[in-house]
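[1] Sharing a model prediction with you, sequence too.
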Amino acid sequence: MTRKPTVAVIQFPGSNCEYETARMVSYMGCVPTILRWNDPMGVSSCDGVILPGGFSFQDRVRSGVMASHLPIMASVSQAIKQGKPAIGICNGCQILAESGLLTDTNDDQVQVGLAKNRGPAGEGIGFVCDWVYVKPINPALSPLTRYFDAADVLPIVTSHAEGRFEWGDGIQSQVSSHAHFVYCDANGVGGPFPVTPNGGKVAGVLSYQGRVLGIMPHPERAILGWQFPWALKHRYSSSPWEKLMVAFKELL
Amino acid sequence: MKWVVYIGLKQSDLHALSAFEVLSAQCPDELISLRRFRTLTFEAQASRAQCEAAVGSCFEWVNPNRSVFSLQDGPWVSQAGRYVAVQVAPKTPAVLSPPVRFKQLLPHVGQVVESVTWVFQVADHVVDEQVMSQMVLSTRRGTGLVCNPVFETATLIGVT
């Protein structure tokens, strides 16, 4: 009998999406293990890692930065460098960014930041929770996005106050040439708020040869066909985000 | 004239407590205490008393049950010990819309810009550059904390 791969879903103090993320992992045929933040040794026994959304440490100081200093993030960094796939969703994406794991650096240099949401005139717009659309750019360049088509337009829930990607020197051009997700409308065209919920175009980036995904919107809230609201006027027997999870499972 | 308001909590500031926990593990012999102040900066042709009255009447900014504020002088100035104050602000300035009461009391006020001032009480042997590199600028995982230099700036605004 073949062993089902196990995926660590790391629960930080303040995470609030770990159970629906675990359900997504079960749905794709893997075994979810909800690991507490104070169990850094547990990461090594899992085949992949997902950092779920929420408000780790109440977003104290800056979203994700407190969690990035925990010993478990050293274990996550080690697992990623061993080639294990990882996904950071929302607060998990912020934690990956603050841990220096959203760019390919050996010494976990912080080169990406997630700044506060801004409107078209640069004004602060606070927390935004809504259905938006994203589309993959250069999907064939990453093993995690290879089943997507460049023409795909994917509905997804966004739910954050600090999700505008900011880049260190030279990083933006690197990101643009790799696979990533950008916000768009239902026709695949970009635009200002509310098409872009935070003032930045990018919704998700990939690093470490495309095996690590940091994404601000929540794929775990759009993984089942019935999770899509009628108002979106899309009818899915299954979710388009299954392609991400199929690719993730193949990397385990 | 440019006015600076430092707003601190009367009770424990959980952001500062958590930051202190992290930084005191990283720099156990350097850091003694850490405080945090929400900082508002604005231009107004008004007297100090007028500005104090305007800020003090804006409960959206200063809730008198839990916050205290000081105008112009950093709250670290009169205290004994070595203090290093660092102002952390987004590279794109965070401009606030002032409450109506504030605009009524200071009709010609300019933009109100928000930032955060961190006041590090450090051991006497610690130099300013050490505070910036070890405690302020988060350049890699496990180094620095209070400013992500990718999208924030940190400015040394006071040393005693």
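    Now that the structure is in, tell me what you want to look at. Residues are numbered from 1 along each chain as shown, chains lettered A, B, ... in the order given.
[2] The helix or strand of chain B with the lowest mean pLDDT pairs with which strands, parallel or anti?
    Least confident element among the helices and strands of chain B, by mean pLDDT, DSSP states H and E: strand B:94-96 (a mean of 87). The pairing partners recorded for strand B:94-96 under DSSP bridges are strand B:112-122 (antiparallel).
[3] CA atoms only: put the strand it pairs with into PDB for me.
    Extracted C-alpha coordinates of strand B:112-122, given in PDB (Å, rounded to 0.1, in the frame of the first residue of the first chain):
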ATOM      1  CA  VAL B 112      -1.300  64.700   8.800                       C
ATOM      2  CA  VAL B 113       1.300  61.900   8.300                       C
ATOM      3  CA  GLU B 114       1.400  58.800  10.500                       C
ATOM      4  CA  SER B 115       4.500  56.900  11.600                       C
ATOM      5  CA  VAL B 116       5.700  54.900  14.600                       C
ATOM      6  CA  THR B 117       8.500  55.900  16.900                       C
ATOM      7  CA  TRP B 118      10.300  53.200  18.800                       C
ATOM      8  CA  VAL B 119      12.400  54.200  21.800                       C
ATOM      9  CA  PHE B 120      15.100  51.700  22.700                       C
ATOM     10  CA  GLN B 121      16.700  52.000  26.100                       C
ATOM     11  CA  VAL B 122      20.100  50.400  25.600                       C
END
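[4] any idea which element A:Ile50 lies in?
    A:Ile50 is part of strand A:48-51 when elements are defined by DSSP states H and E.
[5] List the contacts of whichever helix or strand comes after that strand.
    Using DSSP H and E, the helix or strand that follows strand A:48-51 towards the C-terminus is helix A:65-68. With contact meaning Cβ atoms under 8 Å, 6 or more residues apart in numbering or on different chains, helix A:65-68 is reached by A:12, A:37, A:56-57, A:60, A:73, A:91, A:95, A:98-99, B:18, B:22, B:138, B:141, B:145, B:148. Any C-beta I mention is one placed from the backbone N, CA and C, and that applies to glycine too.
[6] cool, and stretch A:132-139?
    With contact meaning Cβ under 8 Å, 6+ apart, stretch A:132-139 is reached by A:145-158, A:176-186, A:188, A:194-195, A:197, A:203-204, A:217.
[7] Can you select the buried ones from those residues in ChimeraX?
    In ChimeraX syntax, the buried subset of the contacts of stretch A:132-139 is picked out as below (16 or more other Cβ atoms under 10 Å in any protein chain shown):
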select /A:145,146,147,148,152,153,154,155,156,157,158,178,179,180,181,182,183,184,197,203,204,217
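[8] so of the contacts of stretch A:132-139, which ones are in helices?
    Secondary structure assignment by DSSP state H places A:Ser176, A:Ser177 of the contacts of stretch A:132-139 in helices.
[9] picking up where we left off before, report the mean confidence score over the next helix-or-strand element following the least confident helix or strand of chain B.
    Per DSSP H and E, strand B:94-96 leads on to helix B:100-105 as the next helix or strand towards the C-terminus. For helix B:100-105, mean pLDDT rounds to 90.
[10] Same question for stretch B:137-146.
    Mean per-residue pLDDT for stretch B:137-146: 92.
[11] For it, which outside residues touch it?
    Residues outside stretch B:137-146 that contact it (Cβ under 8 Å, 6+ apart): A:61-62, A:65, A:68-69, A:73-74, A:77, A:98-101, A:107-110, B:19, B:22-23, B:26, B:86, B:88, B:116, B:118, B:133-136, B:147-149, B:154.
[12] remind me which residues of chain A are low pLDDT?
    Within chain A, the stretches with pLDDT under 70 are A:1, A:233-237.
[13] Near chain B, which residues of it are found?
    Contact residues (Cβ under 8 Å from any Cβ of the partner chain) of chain A with chain B: A:57-58, A:60-62, A:65-66, A:68-69, A:73-74, A:77, A:98-101, A:107-113, A:115-116, A:118, A:122-124, A:166-168.
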